[in-house]
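Asker: here is the input, now give the coordinates:
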Amino acid sequence: MKNDKEILKFVEEAGMLKRVARSGWWVLGIKNPESVADHSFRCAVLAYVLSKMEGVKLLDAVIMALFNDIQEARINDLHKMASRYFDLEKIEDKVFAEQLKNLPVSIKGELGLLHKNYREQKSKQSIIARDADILECLIQAKEYQAHGFKEAGKFMKKAPGFLKTKSAKRIWKLVKSSSLNEWWETLSEFKR
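Answerer: A predicted model of the protein is given here:
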């Protein structure tokens, strides 16, 4: 009974991410950027796809990608400049531990272990989850650039160098050379 209440609180807190805007895009002048929840959803989708492409057991990578930014429900999304002034990773770890504190041991244990795994970047799944995070940001930057936010292109210069898996690099190469509207343009063609 008590555990159910704590689980509900955790799920409600996760819902905050629908209202937390990704702050790095504000720096580029994007007034209404995607939410952290928007970002996390596509990260999880990408982690699934990359895991399949890499032939890796996918569940851990998907969970890591999905929960990677959940602490931002409490501390907001802080752009990279913020980490110049304090140890963001240490703060995120502290917040995440507090978020898990009252959850059932099975949930707390699994998410805590996966969070640690993600931080260490030693397993193939953690590398895939990180690549999913970077690749999602790259795709979002390309979308913003296509919608007239030229400054988003600056992100696309440095970030690809952090991709590690062959699959993420292949997807990025395709993203760079493709129209992001291609998927719907063929669906909306007039048919008689």
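Asker: how about the helix or strand bottoming out on mean pLDDT in the chain as PDB, C-alpha atoms only?
Answerer: Scoring the helices and strands of the chain by mean pLDDT, DSSP states H and E places helix 182-185 at the bottom, with a mean of 83. Provided in PDB are the C-alpha atoms of helix 182-185 (Å, rounded to 0.1, in the frame of the first residue of the first chain):
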ATOM      1  CA  GLU A 182      10.600  12.700 -46.500                       C
ATOM      2  CA  TRP A 183       8.700  10.400 -44.200                       C
ATOM      3  CA  TRP A 184       5.500  12.300 -44.500                       C
ATOM      4  CA  GLU A 185       5.800  13.700 -48.000                       C
END
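Asker: show me how far that helix is from its chain's centre.
Answerer: Relative to its parent chain, helix 182-185 has a centroid offset of 24 Å by C-alpha atoms, centre = their mean, to the nearest Å.
Asker: and what of stretch 175-182?
Answerer: The answer for stretch 175-182 is 20 Å, by C-alpha atoms, centre = their mean.
Asker: quick one, phi psi at residue 149?
Answerer: phi -90, psi 80 (degrees, to the nearest 10).
Asker: let me see the contact set for it.
Answerer: Residue 149 makes contacts with 28-30, as judged by C-beta atoms under 8 Å, 6 or more residues apart in numbering. In this view, the C-beta of every residue, glycine as well, is placed from N, C-alpha and C.
Asker: make a PyMOL selection of the buried ones in these.
Answerer: The command below creates a PyMOL selection of those among the contacts of residue 149 that count as buried (16 or more other C-beta atoms under 10 Å):
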select buried, resi 28+30
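Asker: how about the contacts of residue 149 in a markdown table, adding pLDDT, secondary structure and distance to residue 9?
Answerer: Converted to a markdown table, the contacts of residue 149 look like this (pLDDT from 0 to 100; DSSP: H, G, I helix; E, B strand; the rest coil; distance: C-beta to C-beta, whole Å):
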| residue | pLDDT | secondary structure | distance to residue 9 |
| --- | --- | --- | --- |
| 28 | 88 | coil | 34 |
| 29 | 89 | coil | 36 |
| 30 | 92 | coil | 32 |
